[in-house]
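*Asks:* What shape does this take:
(one chain, ligands or ions: 2)
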Amino acid sequence: MAHSTAHMKSFESLSLSAKLKEVIKDLGYQTMTPIQEQSLPYLLEGRDLIGQSKTGSGKTAAFTIPVLEKLDRENSDFQRAPKLETLILCPTRELCMQVAREIRKLGKKHIGLQVLPLTGGQPLGPQMFALDKGVHIAVGTPGRVLDLLSKRALDLRGIKTLILDEADRMLDMGFQDEMEEILRDLPDNRHTVLFSATFPPSIDFLSQKYQKDAIRITINDENAPLPNITQQAYEVLPSEGETYEFTDRLKVLLFCLGELSPEACMIFVNFKADAVELSRELTHFGVSAGALHGDLEQPERDSIMAKFRNQSIRVLVATDVAARGIDVESMDAVINFELPQKSDVYVHRIGRTGRAGKSGVAISLYLPHQKIKLETIEKFTNVPIERIEGIDLSDSDLSEIARKLKLEAKMVTLYLSVGRKNKMRPGDILGALTGEAGGLEAKDIGKIEIQDFFSFVAVSKGVAKRALQSLRDGRIKGRKVRVEYAR
Ligand code: ADP
Ligand code: MG
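*Replies:* Ligands and ions are numbered 1, 2, ... in the order given. As a prediction, this is how the structure comes out:
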């Protein structure tokens, strides 16, 4: 987490229900992040609020904790007849899933809590069915929420709290009209909470028009890179007569990967095409890699992210846009294959390592003529970046450098065609794989991620084939399930 440890408050200083405090403890959240510390007291009182802080600063928990408390306080038998009281709007499907995940984590002891993502790229039917059965919290994209409204599948008259998450991004994506249309449909006496990474005038406009007497909170540590990140910059010397620098960069990158041997690492590129090409090259040289970019279809995105989270992919090559807001544990290293255009993007990128008290390494590759850019970044962050110059790889070819790499993944991801809506739980899948039925040992099973309509399970490489076969031959919760290697 990106904050100094000087005088941070624990969640104990808030008056929260015992069960929520327990869950927070279980999750290992020891202190509040600055945005949580400053916004939670107001949000728990039910005040409207507009908050700004950078990615990864814990905004989701800041708005989720009050929602869960309210549910408990005002509706002690909330599980019996779920009523839709909270609507959360997020810009993308990925972010909706992430927010839903965090709510389920925090709501672990709210037995019977129903959280439903409402996003496009999925059939309407199951979402309408789930709404009909009743949910407490819906997390949707503006587009899909409007679709469901127009089909009269969604009733917003009981909404008590509206949350606009990443509001600036929704505006960037052109959702203003949709957002306003939804806002006009909501009851007047609702609470309106707005979180954003930036405060452009269009956000002010929304706030003025749709919030009441809103508290405004800005956390101003945008420019300070995390203290426990080692920053280095490797100079890339273009080989003589070489006009295409990609190969030169790739050499230095492979060299760095060899030095670092990261368990989990993100590499940033400036263009989609480079993400694809770089990931392909890395894979060719035996590095377990995947690409995350804007042109991926949602299922591919889900699959790549699941693989990265469960250690089936060690290196994720991403563009800034595609990586925005994604939720992964702190990783060992972030590498800038190219320097970003703007300094704040640099800070944003490297902030994905060195989180939660862990140490991290941020490496940037630069060409000799980009020294000035590097200096601009240093001025912006006010932290020196160590230069590593003169590494001459012109005599070694790529495969020679790559030979030293040990960057295969330990795990393989299986895709199962059943999910939460089929009442599948991690224990069911674990049970099918281990014990007499599956014959595998628990130590060979990694992360099990249950989504609404499908699941991913990571298994050790050595037993992947057996795991696949035994799941195909057997049954899970008494039913046949389609199982394949995740694409
Ligand atoms: P944001 O929305 O500000 O980008 P998130 O809400 O996605 O950030 O939180 C980033 C990560 O930090 C998540 O993995 C979340 O579980 C974790 N987190 C949230 N609050 C705390 C806390 N108080 N202490 C430690 N980790 C936290
Ligand atoms: Mg967020």
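
*Asks:* Can I get the strand or helix carrying F195 in CSV, CA atoms only?
*Replies:* Counting by DSSP states H and E, the element that carries F195 is strand 191-196. Extracted C-alpha coordinates of strand 191-196, given in CSV (Å, rounded to 0.1, in the frame of the first residue of the first chain):
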residue,chain,number,x,y,z
HIS,A,191,-26.7,8.6,-0.9
THR,A,192,-24.4,9.3,-3.8
VAL,A,193,-20.7,8.5,-3.6
LEU,A,194,-18.2,9.3,-6.3
PHE,A,195,-14.7,8.0,-6.6
SER,A,196,-12.3,9.0,-9.2
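
*Asks:* which secondary structure elements does it contact?
*Replies:* strand 49-52, helix 59-74, strand 161-164, helix 167-172, helix 201-210 (3 or more Cβ pairs under 8 Å, 6 or more residues apart in numbering; DSSP states H and E). Where you see a C-beta, it was placed from the backbone N, CA and C, and this is true even at glycine.

*Asks:* quick one: terminal-to-terminal distance for stretch 170-181?
*Replies:* Terminal residues of stretch 170-181 are spaced 14 Å apart (Cα to Cα, to the nearest Å).

*Asks:* Next, see if that stretch gets close to ligand 1.
*Replies:* No: against ligand 1, stretch 170-181 shows no contacts by Cβ under 6 Å from any ligand atom, the least distance being 13.8 Å.

*Asks:* I'd like the average pLDDT over that stretch.
*Replies:* For stretch 170-181, mean pLDDT rounds to 91.

*Asks:* quick one: secondary structure of the residue lying closest to L237 once chain neighbours are set aside?
*Replies:* Excluding the flanking residues, the one nearest L237 by Cβ to Cβ, 6 or more residues apart in numbering is D392, at 6.5 Å. Put simply, D392 is coil when judged by DSSP: H, G, I helix; E, B strand; the rest coil.

*Asks:* V236 versus D392, what's the distance?
*Replies:* 11 Å (Cβ to Cβ, to the nearest Å).

*Asks:* higher neighbour count, the two?
*Replies:* Neighbours per residue (other Cβ atoms under 10 Å) separate D392 from V236, with V236 holding more: 22 against 8.

*Asks:* what pLDDT does the residue nearest to L237 get?
*Replies:* pLDDT recorded at D392 is 81.

*Asks:* looking at it, it is touching E235, isn't it?
*Replies:* No: counting by Cβ atoms under 8 Å, D392 stays clear of E235, with 10.2 Å between them.

*Asks:* for the stretch 151-300 of the chain, what spans make up the helices?
*Replies:* Taking DSSP state H, counting those that start in this stretch, the helices of the stretch 151-300 of the chain run over residues 167-172, 176-185, 201-210, 246-260, 272-284, 298-309.

*Asks:* Including distance to R216, could those helices go into JSON lines?
*Replies:* Shown next, in JSON lines, are the helices of the stretch 151-300 of the chain (distance: least, Cβ to Cβ, whole Å):
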{"stretch": "helix 167-172", "distance to R216": "13"}
{"stretch": "helix 176-185", "distance to R216": "19"}
{"stretch": "helix 201-210", "distance to R216": "8"}
{"stretch": "helix 246-260", "distance to R216": "41"}
{"stretch": "helix 272-284", "distance to R216": "36"}
{"stretch": "helix 298-309", "distance to R216": "33"}
